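Student: Got a predicted structure here, sequence first:
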Amino acid sequence: MRVEIDLSTPLHEGGAGGHNRWHPDLEPIARVQPGEEVWVALRDSRDGSLTRESAHASLLETPSVAHPLTGPIWVEGAEPGDVLEIDVLSYETDDFGWTGIWPGSGFLGDLFTEPFLARWELADAVARSEEVPGVAIPGAPFAGVVGVAPSHELFAEALRREGALASTGAEMDQPSAELAAPQWAAEGLRTFPPRENGGNIDVRDLVAGSRLSLTVLVQGALLSVGDLHFAQGDGEVCIAAIETGGAITLRCNLRRNGWKPRFPAWESPGSPAPEGRRYLATTGIPLTDDGSNADMDLNLATRRALIEMLDYLGAEHGLSREQAYTLMSVAVEVRISELVDRPNALVSALLPLDVFED
C-alpha cells in the first residue's frame with residue numbers, strides 16, 4: 001500500500017494528507033491491515049520552506065510549522081491497550097537537506113545570536129555542505145516523529161501538566177491556532193515534545209531494521225510519521241538534524257499479551273547503535289512519580305526510562321527486581337536521545353539482547 005501526500009501545498013495552507021497537532025479525534029487518511037507493508041511519503045520538518053536557494057536569514061522568515069506529519073493511519077483491529085509494533089523496513093530521502101541554528105535555539109542557544117543555515121547535498125549515502133566544509137556525514141536515515149493518537153485522557157492530562165509547568169515561567173509551545181493543521185485542531189497538543197504516545201522522540205537508532213513499540217491509546221491506533229532525518233547525533237543539540245523529505249516503508253503488527261510500555265520502546269539492529277548487537281531500549285521523559293511535568297530534567301527522564309526497563313525485565317524475562325537492577329547496572333547503556341524539545345528531554349536505556357543465553 002502507498003500513502004501519498006500533496007507536496008505542492010504546505011499543510012497549514014490546506015495541503016492534504018496530514019496534520020501538525022496531536023488530537024484523539026483526527027480522521028484517518030488511510031487504513032492498513034496488520035502485517036501489511038506500507039510506503040508512506042514524508043514532508044521535511046519545515047514543509048519544504050527551506051531550499052538550496054535559502055540563506056542564513058531565511059531561517060528568520062520561515063514559518064514555525066513543525067511538525068508536518070503524514071497520517072493518521074488507521075490500523076485495523078487495534079484497540080486501546082494493544083501494543084503496536086512498527087517494523088521499519090526502509091527509507092528513501094530527497095537529495096537535499098538542511099540544518100538550522102535559530103538565535104537562542106538548542107541546548108547552547110544562549111551562545112548563538114545569529115541564524116546559521118547549513119545546506120547539505122545528499123548523495124552516495126553521505127551528506128556534504130559548503131557551510132561545513134571538509135566534512136562528510138554518513139547517512140543513517142530515520143523518522144524523528146512516530147506516534148499514535150493520544151487518548152482523551154492523556155490529551156487532557158498532558159494539557160494539564162504542561163500548562164501547570166508553563167504557568168511557572170518555563171518556556172514551551174502551548175496550544176495555538178497559528179499555522180495549525182487542521183485548523184479545528186488548534187487546541188491540540190503541539191508536536192515538539194515527546195510523550196507517552198511517542199511523537200518527537202528523535203531516536204537516531206530507528207533506522208531500517210529497527211522496531212518501535214507504542215501502546216495503543218485509541219481505536220485504530222491512528223499512527224502518524226514525519227520529521228525525516230538523513231543523519232543526527234544523540235541529543236540533536238542545536239535543535240535540527242540533517243532535515244529532509246522522502247518516504248518510509250513500514251509494517252505494523254499488534255501484540256495483546258506481555259509487557260506494555262508506558263513510554264515508547266525500541267529495538268535497534270546495531271546501527272548506529274554499537275555494531276553487531278541488537279538492543280532493546282526503554283525510554284523516559286521528565287515526569288515525577290506523581291505525574292507532574294518537569295522542564296528538561298534528565299534525572300527524572302532517566303528514572304522513568306530505568307523503571308520501564310525494570311518492569312520489562314520482570315515481565316518478559318521473569319527476573320526479580322533485584323536481579324533486574326543488577327543486570328541493568330552491568331549491561332544497560334543510558335543515552336540521551338533528545339535534549340532540546342521542551343519540556344521533555346528523552347532518555348533511552350539500552351539493553352543488549354545477546355546477554356540472554358536462551
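Tutor: Structure received.

Student: helix or strand for Leu306, which one?
Tutor: Assigned by DSSP states H and E, Leu306 belongs to helix 298-317.

Student: Tell me the buried residues in the very next helix or strand once past that helix?
Tutor: For helix 298-317, the succeeding helix or strand toward the C-terminus, using DSSP H and E, is helix 321-331. Neighbour counts over helix 321-331 (16 or more other C-beta atoms under 10 Å) mark Ala324, Leu327, Met328 as buried. Where you see a C-beta, it was placed from the backbone N, CA and C, and this is true even at glycine.

Student: just to revisit the earlier point, put the alpha carbons of the helix holding Leu306 into CSV.
Tutor: C-alpha atoms of helix 298-317 as CSV (Å, rounded to 0.1, in the frame of the first residue of the first chain):
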residue,chain,number,x,y,z
LEU,A,298,17.5,14.5,32.8
ASN,A,299,17.4,12.9,36.2
LEU,A,300,13.7,12.3,36.0
ALA,A,301,13.8,11.2,32.4
THR,A,302,16.4,8.7,33.3
ARG,A,303,14.4,7.5,36.3
ARG,A,304,11.4,6.9,34.0
ALA,A,305,13.5,5.0,31.5
LEU,A,306,15.1,2.8,34.1
ILE,A,307,11.8,2.0,35.8
GLU,A,308,10.5,1.0,32.5
MET,A,309,13.5,-1.3,32.0
LEU,A,310,13.0,-2.8,35.5
ASP,A,311,9.4,-3.6,34.6
TYR,A,312,10.3,-5.0,31.2
LEU,A,313,12.9,-7.4,32.7
GLY,A,314,10.4,-8.7,35.2
ALA,A,315,7.5,-9.1,32.8
GLU,A,316,9.4,-10.5,29.8
HIS,A,317,12.3,-12.4,31.4
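
Student: angle of that helix against helix 321-331?
Tutor: Orientation of helix 298-317 against helix 321-331 (axes from the mean of the first three to the mean of the last three C-alpha atoms, to 10 degrees) gives an angle of 120 degrees.

Student: nearest residue to Ala294 other than its sequence neighbours?
Tutor: Excluding the flanking residues, the one nearest Ala294 by C-beta to C-beta, 6 or more residues apart in numbering is Pro286, at 4.2 Å.

Student: just His23 next, same as before
Tutor: Distance criterion C-beta to C-beta, 6+ apart; nearest residue to His23, sequence neighbours excluded, is Gly188 at 3.8 Å.

Student: quick one: contacts for that neighbour?
Tutor: Residues counted as contacts of Gly188 (C-beta atoms under 8 Å, 6 or more residues apart in numbering) are Arg21, Trp22, His23, Phe155, Pro175, Ala180.

Student: Mind doing that once more with 6 Å?
Tutor: Arg21, Trp22, His23 (C-beta atoms under 6 Å, 6 or more residues apart in numbering).

Student: Next: Pro286.
Tutor: Contacts for Pro286 were tallied using C-beta under 6 Å, 6+ apart; they are Ala294, Asp297, Leu300, Ala301.
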